[in-house]
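Q: Sharing a model that was predicted from the sequence below.
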Amino acid sequence: MKRTKVVDALKCTDFGNDINVKGWVRSHRSSKAVDFIALNDGSTIKNIQIVVDSSIMDAEELKSITTGACIGVVGKLVESQGKDQTVEIQGSKVEIYGLCPSDYPMQKKGQSFEYMRKYAHLRLRTNTFGAVFRIRHNMAIAIHKYFHDHGFYYFNTPLITASDAEGAGEMFQVTTLDPERIAKSGTVEYDKDFFGKKTCLTVSGQLEGELGATALGAIYTFGPTFRAENSNTPRHLAEFWMIEPEVAFIDKGELMDLEEDFIKYCVQWALDNCKDDLEFLNKMIDKTLIQTLESVVKEDFVRLPYTEGINILEEAVKKGHKFEFPVTGWGMDLNSEHERYLVEEHFKRPVIMTDYPSEIKAFYMKKNSDGKTMQGTDVLFPRIGEIIGGSVREENYQKLLDEIEARNMDMSSYNWYLDTRKYGSCPHGGFGLGFERLILFVTGMQNIRDVIPFPRTPKNAEF
């Protein structure tokens, strides 16, 4: 008999007919006459109840079906008398695929997320992580659908590159050279390396994405990026996914409109398509989750110049608000706690901060006429801080050249990038959204390591 997924079985009304379900046991309890097995196959947060008459199989075999075991069941679909369930299966045949001994790390009890990170290969089977990764899938679908429906082209940028898009130097090197030989000789012969030059894993597809935008008009990238930043925080990963749209002929106001519309679309998609998982997370992880998501969709985002934001923070300090990282005035780079104060306490809704000092932003951003600030457009969110980093790009060849030189960057790595300003330059802009930060917000989870299946962090590259 063909297998029916649990998500479909729970909606089925074909009562009295046999059905075949397969999955992993969430719980097993016995009464005098029958056993009750809660079965889940990952297709939904909800389990289906299997009622097993102990007469249909050996008592010891039935007893061996414990939490985590994998089984297949054929039985009659009936209306359920139990609470919070509409259907159940009266099992007539149970097939055991894999038993699960008592040392199974994901027993039905409240383990900490830190504990579960040690077993990232098994934590995927728990209710919480099933919910998180179904939502992650839905967010990926929403992203592709939004951009496709708005006339953007999906554009693939290289993972191996010789240029540092952020200019920060925090990159993982890619090489086929023998490190022991280098250590002995003390020199790195890049001309003998695989690519004949120093290459690294990308920190962003933006620069190459700009090439796509100047040919196709509007593109977006969606792929893995890498930062060799030694940050052990709940908000940083060494390997993560980025969404980076880039649009020709867009100005700062239109860019902010795009950022707001896009992120509201993604949040609304979650509310419309992940109802069961969100309700579970709202109950178990963050009791204000759904309310927060709905408020983000309803509220207009505040558009706040950096200078005004600094004034608000300084005023907060004068009134006695204590920040862990001091507010040092104009020119400072905002910390997550500063961003969250503006969003959560002052405005109580998302903020798009604009016009940052040029010194604290990347070389490619377009300067304002004051010569001191750049047309950055960063979206700040509750609980997260910065969720989107965006800007209008400098389209003037000489101004961009001057900025690269002023920052002592390696000019030879950016000649191809400068060509976009030399040959038919156009105004353009875009933004980067860290996919995991979006998932962190939508799920209410507290640590970014818990919204990617296999986190890569300092001193950790398991599985």
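A: That came through, no problem.
Q: looking at it, residue 338 is touching residue 326, isn't it?
A: No. With contact defined as C-beta atoms under 8 Å, residue 338 does not count as touching residue 326 (10.0 Å). Backbone N, C-alpha and C define where each C-beta goes, glycine included.
Q: Neighbour count for those two, which is higher?
A: residue 338 (23 against 11; other C-beta atoms under 10 Å).
Q: Name the helix or strand for that one, please.
A: helix 336-340 (DSSP states H and E).
Q: Pull the residues that contact that helix.
A: 235, 313, 323-325, 327, 351, 353, 380, 382-386 (C-beta atoms under 8 Å, 6 or more residues apart in numbering).
Q: As JSON lines, those residues with neighbour count would be great.
A: Shown next, in JSON lines, are the contacts of helix 336-340 (neighbours: other C-beta atoms under 10 Å):
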{"residue": "235", "neighbour count": "16"}
{"residue": "313", "neighbour count": "23"}
{"residue": "323", "neighbour count": "13"}
{"residue": "324", "neighbour count": "8"}
{"residue": "325", "neighbour count": "12"}
{"residue": "327", "neighbour count": "19"}
{"residue": "351", "neighbour count": "21"}
{"residue": "353", "neighbour count": "22"}
{"residue": "380", "neighbour count": "27"}
{"residue": "382", "neighbour count": "21"}
{"residue": "383", "neighbour count": "19"}
{"residue": "384", "neighbour count": "20"}
{"residue": "385", "neighbour count": "21"}
{"residue": "386", "neighbour count": "18"}
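Q: Kindly indicate which of these lies nearest residue 424.
A: Closest approach to residue 424 among these (C-beta to C-beta): residue 353, at 31.8 Å.
Q: is it fair to say that closest one lies in a strand?
A: Yes. The assignment for residue 353 by DSSP: H, G, I helix; E, B strand; the rest coil puts it in a strand.
Q: give the contact list for it.
A: 304-306, 309, 334, 339, 342, 376-378, 380.
Q: same question, residue 15
A: Counting by C-beta under 8 Å, 6+ apart, residue 15 has contacts 77-79, 87.
Q: Pull the most distant pair out of the residues you listed.
A: 77 and 79, at 8.6 Å, using C-beta to C-beta across these.
Q: can you list residues touching both of those two?
A: Common neighbours of residue 77 and residue 79 (C-beta under 8 Å, 6+ apart) are 15, 87-88.
Q: returning to that earlier point: identify each buried residue in the helix holding residue 338, please.
A: Neighbour counts using 16 or more other C-beta atoms under 10 Å place 336, 338-340 of helix 336-340 among the buried residues.
Q: if we can go back for a sec, from the contacts of helix 336-340, pick the one nearest residue 116.
A: For the contacts of helix 336-340, the nearest to residue 116 is residue 235 (18.9 Å; C-beta to C-beta).
Q: quick one: which helix or strand includes residue 379?
A: Per DSSP H and E: strand 373-381 holds residue 379.
Q: what about whatever helix or strand comes next after that strand, distance to the chain center?
A: Per DSSP H and E, the first helix or strand lying C-terminal to strand 373-381 is strand 385-392. Distance, stretch centre to chain centre, for strand 385-392: 15 Å (C-alpha atoms, centre = their mean, to the nearest Å).
Q: what packs against strand 385-392?
A: Using 3 or more C-beta pairs under 8 Å, 6 or more residues apart in numbering; DSSP states H and E, the elements in contact with strand 385-392 are helix 252-273, helix 336-340, strand 373-381, strand 428-434, helix 435-443.
Q: Now do the contacts for residue 48.
A: By C-beta under 8 Å, 6+ apart, the neighbours of residue 48 are 6, 9-10, 21, 38-40, 85, 87-89.
Q: Now the buried members of the contacts of residue 353.
A: The buried subset of those (16+ other C-beta under 10 Å) comprises 304, 306, 309, 334, 339, 342, 376-378, 380.
Q: Counting neighbours, go ahead and name the busier of residue 77 and residue 79.
A: Legend: neighbour count by other C-beta under 10 Å for residue 77 and residue 79, higher for residue 77 (21 against 11).
Q: Can I take it that the more buried one is in a helix?
A: No. Counting by three-state DSSP, residue 77 is located in no helix; its state is strand.
Q: what separates it from residue 353, distance-wise?
A: Distance of residue 77 to residue 353, given as C-beta to C-beta, to the nearest Å: 55 Å.
Q: mind listing the strands for the stretch 51-200 of the chain?
A: Taking DSSP state E, counting those that start in this stretch, the strands of the stretch 51-200 of the chain run over residues 70-79, 87-98, 153-154, 160-161, 173-174, 199-201.
Q: Identify the residue spatially nearest to residue 122, adjacent ones excluded.
A: Sequence neighbours aside, residue 106 is the residue nearest to residue 122 in space, at 5.3 Å (criterion: C-beta to C-beta, 6 or more residues apart in numbering).
Q: And the pLDDT at that neighbour?
A: Looking at residue 106, its pLDDT is 89.
Q: hang on, it packs against residue 125?
A: Yes. Taking C-beta under 8 Å as the definition, residue 106 is a contact partner of residue 125 at 6.0 Å.
Q: ok so, going back, among the strands of the stretch 51-200 of the chain, show me which one is buried the most.
A: strand 199-201 (a mean of 19; mean count of other C-beta atoms under 10 Å).
Q: correct me, but residue 383 touches residue 441?
A: Yes. The pair residue 383 / residue 441 is scored as a contact, 6.5 Å apart, by C-beta under 8 Å.
Q: how long is stretch 149-160 from one end to the other?
A: By C-alpha to C-alpha, to the nearest Å, the extent of stretch 149-160 from end to end equals 30 Å.
Q: buried residues in that stretch?
A: Buried residues in stretch 149-160 (16+ other C-beta under 10 Å): 152, 155, 157.
Q: Looking at those residues, which are in helices?
A: Using DSSP state H, no member of those falls within helices.
Q: And these, which is closest to residue 283?
A: Once C-beta to C-beta is applied, the member of the buried residues of stretch 149-160 that ends up nearest residue 283 is residue 152, at 36.3 Å.
Q: ok, the closest one touching residue 220?
A: Yes. With contact defined as C-beta under 8 Å, residue 152 counts as touching residue 220 (4.9 Å).
Q: residues shared between the contacts of these two?
A: By C-beta under 8 Å, 6+ apart, the residues touching both residue 152 and residue 220 are residue 245.
Q: elements contacting the helix or strand encompassing residue 240?
A: Assigned by DSSP H and E, residue 240 belongs to strand 239-248. If contacts are counted by 3+ C-beta pairs under 8 Å, 6+ apart, strand 239-248 sits against helix 206-216, strand 218-226, helix 252-273, strand 428-434, helix 435-443.
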